[in-house]
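# This is the structure alone, sequence omitted:
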Ligand code: HEM
Ligand SMILES: *[C@@H]1O[C@H](CO)[C@@H](O)[C@H](O)[C@H]1NC(C)=O
Ligand SMILES: *[C@@H]1O[C@H](CO)[C@@H](O)[C@H](O)[C@H]1NC(C)=O
């Protein structure tokens, strides 16, 4: 039995290693905004998830920076949540967000250590009117980000996320709301949960990206 199991694993590994990382995301078409997103449902508690959705322009020329539309759908018990575009807390753009009345706030942050991230001018957001709202069970926002998919990472390395494959992303969740939710520079307390996944950007392309942005803004 053990021998058979070992062989099976080795065979599987040979098949897996040369290809790119398997993605944990799936395709989601949002009827409200019209964007096709690649989405991942991040579990922060048993049976409870936050949806992280990414839509991209298509085509994207090789080796050039590109915008992204991000949509986050969170249950109302989520005090704040963050998306780390480089897959770690440090040295990458952090899209931190929370509910604010009938709307939501997205705050541009960056951390160089495991302490409260500072504001980050390298990424800017345009919050959409469509796709940003709060109801009794959820809050959600949709925004265009310029500067989320390319950044200077640890050691001063210039990074552009792979628009044709999977990227390692990370999230953080806190059950505690920021101290001043109407301000995108509010402070907030440390997360209760963090997690990682591989997000397929190759399925996030929207040929009508520019007109969809204009229609939702
Ligand atoms: C008040 C703000 C924050 C504080 C004080 C804080 C602090 C920390 C600390 C101490 C760790 C290490 C935990 C350990 O090693 O067990 C950690 C890890 C982590 N944090 Fe934060 N954090 C904050 C905000 C954020 C935000 C906004 C994100 C956005 C996604 C984030 C993402 C992560 C991730 C993914 C990890 C796992 C380890 C890593 O990737 O570096 N954190 N944080
Ligand atoms: C906060 O919002 C203002 C106005 O839209 C913007 O200029 C600024 O970059 C934002 N700051 C953060 C930290 O997101
Ligand atoms: C509340 O909003 C969420 C997402 O923002 C949506 O999935 C859900 O259907 C909405 N609930 C109602 C009753 O409209």
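The structure has been received and is ready for your questions. If you're wondering where the values come from, they're calculated on a predicted model, not measured in any experiment. Ligands and ions are numbered 1, 2, ... in the order given.

# and the closest residue to residue 23 other than its chain neighbours, how many neighbours?
Distance criterion C-beta to C-beta, 6 or more residues apart in numbering; nearest residue to residue 23, sequence neighbours excluded, is residue 200 at 3.4 Å. No exception for glycine: its C-beta is placed from N, CA and C like everyone else's. Using other C-beta atoms under 10 Å, residue 200 is surrounded by 23 other residues.

# quick one: residue 200 and residue 162 touch, right?
No: in this structure, residue 200 is not within contact of residue 162 by C-beta atoms under 8 Å, at 9.7 Å.

# where's residue 77 relative to residue 176, distance?
10 Å (C-beta to C-beta, to the nearest Å).

# Give me the more crowded residue out of these two.
Shown here are residue 77 and residue 176; by other C-beta under 10 Å, residue 176 has more neighbours (14 against 11).

# list the contacts for the more buried one?
79-80, 188-189 (C-beta atoms under 8 Å, 6 or more residues apart in numbering).

# Most neighbours of all those residues, which one?
Busiest of the contacts of residue 176 [other C-beta under 10 Å] is residue 80, holding 23 neighbours.

# looking at the sheet around that residue, what are its partners?
residue 174 (DSSP bridges).

# So for it, what's the pLDDT?
In this model, residue 80 is scored at 99, pLDDT.

# follow-up on the earlier one: and the residue nearest to residue 23, how far from ligand 2?
27 Å (C-beta to the nearest ligand atom, to the nearest Å).

# now swap in residue 109 and tell me
Distance from residue 109 to ligand 2, by C-beta to the nearest ligand atom: 7 Å.

# From here on, call the first residue 17.
With the count now opening at 17, the last piece we talked about shows up as residue 125.

# ok now do that residue, which residues does it touch?
98, 109-112, 133-136.

# Could you save those as a markdown table and add columns showing distance to residue 182?
A markdown table is the format used below for these (distance: C-beta to C-beta, whole Å):
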| residue | distance to residue 182 |
| --- | --- |
| 98 | 20 |
| 109 | 18 |
| 110 | 20 |
| 111 | 19 |
| 112 | 23 |
| 133 | 25 |
| 134 | 29 |
| 135 | 29 |
| 136 | 24 |
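
# from the residues you listed, which two are the most distant?
Greatest spatial distance among these (C-beta to C-beta): 111 and 134, at 14.4 Å.

# Compare the two (neighbour count), which wins?
Per other C-beta under 10 Å, whichever of residue 111 and residue 134 has more neighbours is residue 111, with 25 against 12.

# Which helix or strand contains the residue nearest to the spatial centre of the chain?
Nearest to the mean C-alpha position of the chain, by C-alpha atoms, centre = their mean, lies residue 99 at 4.4 Å. Element membership for residue 99 (DSSP states H and E) is strand 96-100.

# Mind giving me the packing neighbours of that strand?
The contact analysis (3 or more C-beta pairs under 8 Å, 6 or more residues apart in numbering; DSSP states H and E) places strand 96-100 against strand 84-91, strand 110-116, strand 182-190.
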